[in-house]
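**Student:** A predicted structure for the sequence below; I have some questions about it.
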Amino acid sequence: RTLSHDWIIQVRDPSSGRQTTVFGYTFDVNPAAAVEVCKEKAATAQVLESHGIAVIPHTVVLSPTMHMAADYIPAAGVWKDV
């Protein structure tokens with residue numbers, strides 16, 4: 001399963017039920033990715049919600065001028081949707 005435009009990837013082994021998370025470029029070594037998810041409110045909300053836990057909705061607002069966000073944000077921005 002992927003969240004946040006593939007920035008968060010969760011992989012589950014169906015036979016054992018074990019799950020690992022990759023957050024950006026941080027892999028789940030000594031749950032490092034879990035720490036990264038917890039540092040971001042919107043990421044935490046997405047992961048909790050994906051597991052059926054009630055959350056307060058969060059929206060990430062990025063500038064379309066940011067190089068890293070350009071592929072995900074319309075040129076006009078997202079303010080009218082928020």
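**Tutor:** Thanks, I have the structure now.
**Student:** remind me which residues of this protein are low pLDDT?
**Tutor:** Where the chain drops to pLDDT under 70, the residues are 30.
**Student:** with just CA atoms, put the longest helix seen in it into CSV.
**Tutor:** For the chain, the helix with the greatest residue count under DSSP state H is helix 41-50. These are the backbone C-alpha positions of helix 41-50, laid out as CSV (Å, rounded to 0.1, in the frame of the first residue of the first chain):
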residue,chain,number,x,y,z
LYS,A,41,1.1,15.3,11.3
ALA,A,42,-0.5,14.7,7.9
ALA,A,43,1.6,11.5,7.4
THR,A,44,0.6,10.3,10.8
ALA,A,45,-3.1,10.9,10.1
GLN,A,46,-2.9,9.1,6.7
VAL,A,47,-1.2,6.0,8.2
LEU,A,48,-3.6,5.9,11.2
GLU,A,49,-6.6,6.3,8.9
SER,A,50,-5.4,3.6,6.5
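**Student:** what residues does it touch?
**Tutor:** For helix 41-50, contacts defined as CB atoms under 8 Å, 6 or more residues apart in numbering pick out 1, 3-4, 7-8, 10, 21, 23, 36-38, 55-60. C-beta here means a position set from N, CA and C on the backbone, and glycine is covered the same way.
**Student:** among these, which ones are in helices?
**Tutor:** Those of the contacts of helix 41-50 mapping onto helices are Glu36, Val37, Cys38, per DSSP H.
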